[in-house]
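Undergrad: 3D model of this:
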Amino acid sequence: MARDGYVYIRREGLAYAARLSVRGEGEQRELAAEFVKYILQRAKEEGDDVYEKAKEIVKGSKERGSLKLKGFEMEVEVNGEKYKVKVIDGGAVEEDRDGRKLLKD
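TA: Predicted structure coming up:
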């Protein structure tokens, strides 16, 4: 039950803010970073266990959030046939088929 003057932040909300603090753009990134810093500060005031848990959520979310796929290449097998796939700016192309897109942007 919520107490007057308190806001509860779910794990998913903290994780999302942490990702935005790394991958957001401009002011969005700055605001998310400030929010995450504030939440970690308040968690520390609540005790070591709370702080460590919050820090773990933030760290894991920032690491996953920082993954960039642009330029990623891989050979995949589909129905017994092998294809070479490369991620280019949010889309995937099959290099063996004249660069036709395999996935929607």
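Undergrad: model confidence for the residue in the chain sticking out farthest from the centre, exactly?
TA: Distance from the C-alpha centroid of the chain peaks at Gly80, with 33.0 Å (C-alpha atoms, centre = their mean). With respect to pLDDT, Gly80 scores 89.
Undergrad: secondary structure class of Lys84, three-state.
TA: When classified by DSSP: H, G, I helix; E, B strand; the rest coil, Lys84 comes out as strand.
Undergrad: hey, what's it bridged with?
TA: Applying DSSP bridges to Lys84 gives these bridge partners: Glu75.
Undergrad: that one is in contact with Glu77, isn't it?
TA: No. Using C-beta atoms under 8 Å, Lys84 is not in contact with Glu77, being 10.9 Å away. For glycine as for every other residue, the C-beta is placed from the backbone atoms N, C-alpha and C.
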